[in-house]
Each structure stands twice: as C-alpha cells, then as structure tokens.
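Q: Need coordinates for the below:
(2 chains, ligands or ions: 1)
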Amino acid sequence: MAREKHTPSSEAEVRELIADADAPLSVQGGGTRGFAGAGEVLSVSGLSGVTLYEPGALTMVARAGTPISEIEGALGQNNQRLAFEPMDHRTLLGVQGDPTIGGVFGANVSGPRRIAVGAARDFLLGVRFVDGSGAVVKNGGRVMKNVTGYDLVKLMAGSFGTLGVMTEVSFKVLPQPETQTTLVLHGLDIGAGVAAMSQALGTPFEVTGAAHDPNGAGDGARTMLRLEGFEGSVGYRCGALRDRLAHGADISVLEGEESETAWRKVRDVEMLAETQGDVWRISCKPSDAPHLIARTGSDQLQLDWGGGLIWMQVPEGHDLRADLGDFDGHATLVRADAKTKTELAVFQPEAAGVARLTAGLRSRFDPRGILNAGLMEPIG
Amino acid sequence: MEMPVPDPRVLSRKARVVSRLLEVLPADAVIHDERETRAYECDALTAYKCPPMVAVLPASTQEVSDVLKICHAEGVPVVPRGSGTSLAGGALPTADSVILGVARMNDVIETDYDNRLIRVQTGRTNLSVTGAVEEDGFFYAPDPSSQLACAIAGNIAMNSGGAHCLKYGVTTNNLMGVKMVMMDGEVVEIGGGHLDAGGLDLLGLICGSEGQLGVVTEATLRILPKPEGARPVLMGFDDNEVAGACVSDIIKAGVLPVAIEFMDRPCIEATEAFAQAGYPMCEALLIVEVEGSDAEIDHQLGLIKQIARRHNPVELRESTSDEESARIWLGRKSAFGAMGQINDYMCLDGTIPVSSLPMVLRRIGEMSAQYGLKVGNVFHAGDGNMHPLILFDANKPGDLELCEAFGADILRLCVEAGGCLTGEHGVGIEKRDLMDVQYAPADLEAQMAVKDVFDPGWLLNPAKVFPLGVSEGRRRAA
Ligand SMILES: Cc1cc2nc3c(=O)[nH]c(=O)nc-3n(C[C@H](O)[C@H](O)[C@H](O)COP(=O)(O)OP(=O)(O)OC[C@H]3O[C@@H](n4cnc5c(N)ncnc54)[C@H](O)[C@@H]3O)c2cc1C
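A: Just a heads-up that it's a prediction; the model follows:
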C-alpha cells in the first residue's frame, strides 16, 4: 500500500501540515508497533535528536522522532537506562523500522519491569505536541515533581497519536543495576505459577520481573522471578526469596547475560513471533488470570506482570473479548490483519460514561477527527 | 486574592437549595446555619477565608450523586473537600458555593494482598490506609507530612507527594482506579485492579485536577510490602553548591536512596533552637536514607559515605540505632514548626532541575535581602522539589503582601531555571494568577478544554487553577 508520506523536520512544519490538512493523517514514529490510522503518513522521524541529558538529575529531553537505539546508547554510556523496559514490537509483528521515543510514549509501551517501577506513562515528565487544529501545546516540564495545572502528560501517554502529534518529550531515567539474577521455578501450572508470583511480589525483596510460560519451549512450564541491584544484595535476596517460596518446585538460576536474554524474550513476546494467528494483550487483575485463560481455551500464551498481563494467540479473526466476557481489565488486539482490526476494534470498548468523556476529549483536541482517525474509535 | 463575585441568583435561592438537599440527606449532614458553615471557611491557607452558602457531608456515592444532581439543576457551584489541609487554597469556598465534604466516607472496602491493592472510600486519611495493612507487612507509599490528617480525596486531587517519593513516586504512580461522580450526578468507574488504561488515560488526568473534574468517592490504591529496614546518614557541608554536587554524584553512582532531604543554614539554626536534633551548624545539611536488609544498607551507605567524603563534609554521621535515626529525622520533620515559632511563614513548593540548585539558592538569598524578609530552605533534593519558607509578620500591615510578592518572584525564578510553580501542593487560588508565567495561552486553553468536557457548566471548584481573567468567559457563559 503506497501511501503519501510526509516527514516534517521541525515542529513548525508539523504545525503547518496539520493546519493545512484536509484529509486524515496517519501519525507514526518508526511505524513498528502496528498502531496507525487511515490516511497519508505523517512521520515524526524527521524530528530527531537528544536535546538535553542530565545524568545527575536522571532526566533526558529528546525530539519525538529520536530512535530508541540512539537514546539507549547515550544512556548506556552513563550506566543509565529506560527503566520501564519498553518492548520492541518488531519481532512479534515481523516488521522493519526504527522505533522512536515518541512512539514508546504515544503507545505507553512498557515491559516486564513495569510491575516494579511503573509504566512509560509514569516516566514521562513533559511533552510538546501539535493538536488536531494545529495549536502547539506544552505540558509538564523536565522536573520529576510537577502538579502545575492538569496532567496532560499522562493524557498524551497512550493516546496513540489521536489527540496530537508529540514533537518533544522529556522523561526520567534510572541507573543500570550492577547485576541481575533470575530464579526459575519449573513445572507449575498456571494457577500455581500466578500464586508463586504473587507470593514473591509480596516479599520485600524487590522482584523486578515475574513471568510465567506454561510451555517453556517444550521443556515444561517455567515461572521466572528477576532480582536486580548490587551483587551482594542480589545474592542475599535470591537466597531469602528461595527460602520463602515453599512450592516444592524445582528451582534453577539464571545469572547475568543468560538472565538478560530470558527477559528480553519475555519483553518482546518472542514465543509468539513467527506463529500464525492473531495476538492479543490482556491487562487484568493477576489473580483473575487463571480463570480468564480457562474461558478462552487457548494454550499459546505467556503471562507477565505477575499474571496481570497475558499475551495470547488465537485463530485469525477470533473475537477473544467474547470469550473473556466482563472482567476487571481490557484486551487489545495487537497483531491481526486490517480487516480483523476493523471488525473487532483494536481497543476494548469502554463503558458508556467513560466513552463519552473519551469522545469529548477527542473532539476538543482533534475537532476535525484527522489524527489517526478510526484507530481508537468504537466500532459501529 | 480576588475571588469571583458571588452569584446573587444562587444566594437568593439558598432556602430552596437547602430544602432540596434535606430531601436526600439526613438533617445532620446539611450545614446551613451561618455560625456552623464557618467551620468550612478555609483550608490550611488560612490567610483567605469565606464561609460557604451550605456544607454537606454525604455518607455514600449515591448521596454524593444526589447532591450533585441538585446543585447541577440549581446552578450552584460545588467545592469538594477532604480534610481541608490544602496549602494552596484548593478547598476555599465561595459565598455562593456548596462545600461537599467526604469526611464521613472513610471505609476500607477491600484489601487484596494477592493483587497488592486496597480499595477505600476517599474520606479515609492517608495514614490510616497504611494503618489498615501494616500488620500484614504492607504500606501505602505516598507519605505527605500531613498524612495524619489529609484524606486520600485531597491526595488524589492534588497528586500529593512525600519524603519517600524519590523511590516510590507520588500519588498518580500509586493510584490504580477511582469511582467518581460527575457534576451532573452520573457515576463513572475508571481503572481498577488491573494496570494501565485500555483507552485514553483518564485516571492520569483526574489525578491532580484539583476537584474540578468530578468528585472522587472511592479509590483503588497500590500497596507495597514493607522493606526489611531503613537507615539515614546525616552530612553537613560548608557550601550549598558542594552539597548540590554531592547529591548529583550520589545519583550518578547508581545508588537510589528512598529520600534525600536538604536544609540550609537559616533552617538548621531554627530547627536546632526548636528541636535540638544535634545538627551541625553549617551552610547545608543532607539527610540521605536507604532501605533493605542490614547488609544491603551497610553496602549502600558505604558507597554514599565514600562519595560524600570526596566533597569534604564538615560532618558525616551514620545512624547506629533506631533512636539516632529518629533524632536525625526529628529536625527535618519539625522544620516547619520551628520556623513557625519564629514568625508567620509562607511555604512555597516550586520545583527546579537539581543542577540549578546553587544558582537558585544564591538568587533567593539576594532577593531575601532586597525584600527584607528572611527565608529558610527545606528541600526534597533528589527530585528538586523546594520548600522555601518565607518569614513575615501577619500583624504588620503590608507584610503579607510583601511576602506574597517575594514568593511570586521565587516561583518565577523556579520556572526560569527550567522548573515549575508547584511540585506537590497544587495551584489552588494561591498560584492561580501565576499560571501564565509557566504556560502560554494555548497551553492553558488545552487544559481548560478538558474541564469543558468533564464539567461543561464550570460548576466544580470554578475559581481555582486558572487565572480568573482567563477562565472568566467560560465561568460567565455557564
Ligand atoms: C503541615 C502540612 C504539611 C503538608 N505536607 C505535604 C507534603 O509533604 N506533601 C504534599 O504533597 N502536600 C502536603 N501538604 C498539603 C496537603 O496536605 C495536601 O495537598 C493534601 O493532599 C490535601 O488533602 P485534604 O484531604 O486535606 O484536601 P483538601 O484540603 O480538603 O482539598 C484539597 C483539594 O482537593 C479537592 N478535593 C477534596 N476532596 C475531593 C474529592 N472527593 N473529589 C475531588 N476533589 C476533591 C478540593 O476541592 C481541593 O481542591 C501539607 C499540608 C500541611 C498543612
């Protein structure tokens, strides 16, 4: 599908493009995450570069189109990182491209460490964006505490380009830990796996990853618990956590790089890459996960966030939300063809009162409905 | 402080409004006698007072909804109220308003350790949320100094922080869901036991919206397992700049303390005189606290002391017992009280990038000389949230105004340095008229558009947050 592509190189050009647009614009960073609306492409990749980095204040400011690789490179030199561990969607979706920092925040992309340190939205400190009428708006700033006026920063995080096009973001970063270790519990079923993860997350030992793979690449179920920090401290907590986990399960240990690789696979949901079928992402109350999974009958899945995040593969076009019914949470359709995405809607339909607020905000920030049109709208 | 002229049409309907409210609430929950409404005339910003027309104390979400339906139909402004500890005048009534207090709604609805959450009615105080789970080894992390009194309702409205938010974040990072009543009485639920929004992040928008978008009646809060232990170290420096550099080096070294608190000389002197915490007399004092097991604490404090020594501290004292830890914190915790002993004070809460700390402190010192008013600085140094305390004499004509002008200049300086007007107390009426220092007209327009969506009639806490001139058209039209 050859679509016209605009790549403005300044905020002023973004503003002009939007103000002059008379048809929908598909807002993209690197275009690697599979969330885009109809129309000509407005790529933010031309707005690139870190504009300010203060390692001693744990803050960075960057233009929205800056590649993640560039950001992680700069942070790595100072032993710092994006602690919310943004997933790289390219493997799961089988796409090419250069993911950008604007895309990470626009889609509120977080990885396994989200349960311990917060989501992308918790790290975003300030934004500049151009709204759907072409107005340039800033909100927040580059300091860690800021309650001056309404928090449009949170509103922009996870708005998927539907309220405005972010041109610059400032965010908090954190130090890299000295080392990491993962405890692997073998052979637990989903219920026992979730219970073990809850138990571990209820200890003071600061578990920064809790994931369960029911199939373990043919090796049987694996429940993984990650500890990070100074070497002595990780060693101590590893022992203490083992003592607390009275599950009688076999436990093995992954150290250093082995542990890193295992968590990268969880983060990027590699087990569902190169498979057939649609992929859904379900956010739920961890203790609800076992019976929600039972309702679907699927066994191609991975649990992260201590059970609070289920990645699931189902046959193409299958309406997973119909299986799940009413529950405390939401299901997002991440990988499917365009037809299924249109028919089933990518985002979970909202209750009437909330849907009205959402629609109201959208019509105020994008009165002509041209930014990623249709992407977050309810079907029908 | 200018407030909108009360609407005579509303005032003239007082008797009718009261009788309608009495149809949905018990008599003791509707306060309309002028002697009794006085109890609600101000919050902790006591320089400004105005009794409301009526105050109501509903006991359930349903009652809140009933009250709002009536106020909506009658066109009466509503000012939500938790415990009234706002330092920004966020809960200050107008003469034509109904104060809606949630103090009677303080139940714990559910505690769920498997999912690490608690659901409460929002009138519950911050400290009693932790109180409900601490025997089981859990706590609620945001810990404003006012935590004994302030309610979760106010914490959500102001997105309150505390000394330990360097590690655990502020209210918005620990809030999972709310039940909220819209101005027209409709009840909505946002978020819950799961993480992150499935659509637009309305929860993030509601947190910190200062009671202007809806009345929050229930909250789902994240609770955390208590750390094994915690221990502070105290360090003194003979130069602000050196103390600032030390903070930056600690952070860069990859140690993440739970708290880094900073006090300058005027504050140290006042607290020593008041609380005798045994602080060294020096230009700048840091309290750095870390958590974990004993061995983990030893290790982290070892690194921190090593860094501190490179900056030639005049004092470096690690706590060796619980009593000593308590003494180290005693001075910091009594800082406000100590300054209050000397004089009346105004507490600011601008935030700056940590790197501009020395410049900002130097400029505050110069302004203090120009204005002829003393100022002490207490500071959450890890995150740049300053609390300059300006001393003045409320009985001296003109002193309050002088103090306010000085305060406004400090906040302008914070913005100029790359920071903001308020880090945790909120805008309220206090910083309302400075909003255009930080935000351009289009920035404020975008925020007011949000209020238009949630409260099209601009009846909820209407005279706050936005400069009166800027919001006037909307408030009039309503
Ligand atoms: C001594 C002292 C120390 C303090 N220390 C700190 C500190 O360390 N950190 C910090 O962040 N703050 C601090 N504060 C400020 C204050 O305690 C906080 O802002 C607190 O969150 C206010 O809570 P409250 O229940 O008293 O709210 P109130 O003062 O009653 O109201 C505050 C705001 O919340 C709105 N509101 C109240 N209830 C609702 C509701 N149900 N729905 C919607 N909106 C509502 C009100 O309209 C108002 O705008 C301190 C105050 C004092 C007096």
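Q: Low-confidence ranges, the stretch 301-450 of chain B, go.
A: For the stretch 301-450 of chain B, no stretch is flagged by pLDDT under 70.
Q: Now do the SS call for A:Gly220.
A: What DSSP: H, G, I helix; E, B strand; the rest coil gives for A:Gly220 is coil.
Q: typo on my end, A:Ala23
A: Secondary structure for A:Ala23, judged by three-state DSSP, is coil.
Q: Determine the number of other residues adjacent to it.
A: Neighbour count of A:Ala23, defined by other C-beta atoms under 10 Å in any protein chain shown: 11. Yep, even glycine has a C-beta here, placed from its N, CA and C like the rest.
Q: go on, A:Arg128?
A: Per other C-beta under 10 Å, the neighbour tally for A:Arg128 reads 22.
Q: Strands of the stretch 251-380 of chain A, residue ranges please.
A: In the stretch 251-380 of chain A, the segments counted as strands under DSSP state E, counting those that start in this stretch are A:278-284, A:301-304, A:309-314, A:329-335.
Q: And those strands: which comes nearest the ligand?
A: Across these, the ligand has its closest neighbour in strand A:329-335 (24.5 Å, C-beta to the nearest ligand atom).
Q: With mean pLDDT, distance to the ligand and mean neighbour count as new columns, can the strands of the stretch 251-380 of chain A be given to me in TSV?
A: Compiled in TSV, these are given as follows (pLDDT from 0 to 100; distance: least, C-beta to the nearest ligand atom, whole Å; neighbours: other C-beta atoms under 10 Å in any protein chain shown):
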stretch	mean pLDDT	distance to the ligand	mean neighbour count
strand A:278-284	98	25	23
strand A:301-304	98	32	25
strand A:309-314	98	30	24
strand A:329-335	97	25	22
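Q: so what's the residue in the stretch 1-150 of chain B positioned nearest to the ligand scoring on pLDDT?
A: Closest to the ligand within the stretch 1-150 of chain B is B:Gly82: 2.4 Å, counting by C-beta to the nearest ligand atom. Per-residue pLDDT puts B:Gly82 at 98.
Q: Over to B:Gly89?
A: You'll see B:Gly89 listed with a pLDDT of 96.
Q: so who does it touch?
A: Listed by C-beta atoms under 8 Å, 6 or more residues apart in numbering or on different chains, the contact set of B:Gly89 reads B:Met1, B:Cys42, B:Asp43, B:Leu45, B:Tyr48, B:Gly428, B:Ile429, B:Glu430, B:Lys464.
Q: tally of neighbours for the second one?
A: Counted with other C-beta under 10 Å, the neighbours of B:Cys42 add up to 19.
Q: returning to that earlier point: got the contact list for the residue of the stretch 1-150 of chain B closest to the ligand?
A: B:91, B:101-103, B:122-123, B:150-155, B:157.
Q: B:Gly177 now?
A: B:Gly177 sits next to B:Glu189, B:Ile190, B:Gly191, B:Gly192, B:Gly193, B:Leu203, B:Ala219, B:Thr220 when contact means C-beta under 8 Å, 6+ apart.
Q: Now do the contacts for A:Ser198.
A: Applying C-beta under 8 Å, 6+ apart, the residues near A:Ser198 are A:Pro286, A:Ser287, A:Gly306, A:Gly307, B:Tyr113, B:Asp114, B:Asn115, B:Arg116.
Q: what kind of secondary structure is it in?
A: helix.
Q: which residue sits closest to A:Gln96, ignoring its sequence neighbours?
A: Spatial nearest neighbour of A:Gln96, chain neighbours left out: A:Arg90 (6.9 Å); criterion: C-beta to C-beta, 6 or more residues apart in numbering or on different chains.
Q: Against A:Gln302, how distant is the one you found?
A: Applying C-beta to C-beta, to the nearest Å, the value for A:Arg90 to A:Gln302 is 17 Å.
Q: Repeat that for B:Ala132.
A: Distance of B:Ala132 to A:Gln302, computed by C-beta to C-beta: 34 Å.
Q: ok, now A:Pro349?
A: On the measure of C-beta to C-beta, A:Pro349 and A:Gln302 end up 25 Å apart.
Q: One more: B:Arg474?
A: 48 Å.
Q: try A:Asp131
A: From A:Asp131 to A:Gln302 the distance is 37 Å (C-beta to C-beta).
Q: residues touching B:Asn106, list them.
A: The contact partners of B:Asn106, by C-beta under 8 Å, 6+ apart, come to B:Val120, B:Gln121, B:Gly123, B:Arg124, B:Thr125, B:Ser128, B:Ala151.
Q: what's the answer for B:Gly75, then?
A: Taking C-beta under 8 Å, 6+ apart, we find B:Gly75 in contact with B:Asp7, B:Arg9, B:Val10, B:Gly457, B:Leu459.
Q: Those residues in strands, which ones?
A: Among the contacts of B:Gly75, no member is found in strands (DSSP state E).
Q: Could you export those residues as CSV, including pLDDT, distance to B:Met448 and neighbour count?
A: Shown next, in CSV, are the contacts of B:Gly75 (pLDDT from 0 to 100; distance: C-beta to C-beta, whole Å; neighbours: other C-beta atoms under 10 Å in any protein chain shown):
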residue, pLDDT, distance to B:Met448, neighbour count
B:Asp7, 94, 20, 17
B:Arg9, 95, 24, 11
B:Val10, 96, 22, 20
B:Gly457, 96, 13, 17
B:Leu459, 97, 14, 23
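Q: how much space between A:Leu188 and chain B?
A: 16 Å (C-beta to the nearest C-beta, to the nearest Å).
Q: My guess is that residue contacts A:Ala196. True?
A: Yes - with contact defined as C-beta atoms under 8 Å, A:Leu188 and A:Ala196 form a contacting pair (6.1 Å).
Q: Might one say that A:Ile115 is in contact with A:Trp305?
A: Yes - using C-beta under 8 Å, A:Ile115 is in contact with A:Trp305, at 4.7 Å.
Q: how would you label A:Leu52: helix, strand or coil?
A: At A:Leu52 the chain is in strand, as set by three-state DSSP.
Q: contacting residues for it?
A: Applying C-beta under 8 Å, 6+ apart, we find A:Leu52 in contact with A:Thr59, A:Met60, A:Val61, A:Arg142, A:Ser170.
Q: between the strands of the stretch 251-380 of chain A, which gets nearest to chain B?
A: The closest of the strands of the stretch 251-380 of chain A to chain B is strand A:329-335. By C-beta to the nearest C-beta, the value is 2.8 Å.
Q: could I have the closest one exported to CSV, CA atoms only?
A: Below are the C-alpha coordinates for strand A:329-335, written out as CSV (Å, rounded to 0.1, in the frame of the first residue of the first chain):
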residue,chain,number,x,y,z
GLY,A,329,-9.3,-5.0,32.7
HIS,A,330,-9.1,-4.8,29.0
ALA,A,331,-8.0,-6.6,25.9
THR,A,332,-6.1,-5.0,23.0
LEU,A,333,-5.7,-6.6,19.6
VAL,A,334,-2.0,-6.2,18.8
ARG,A,335,-1.4,-8.5,15.8
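Q: Would you mind giving the orientation angle of it with respect to strand A:309-314?
A: Here the directions of strand A:329-335 and strand A:309-314 differ by 50 degrees (axes from the mean of the first three to the mean of the last three C-alpha atoms, to 10 degrees).
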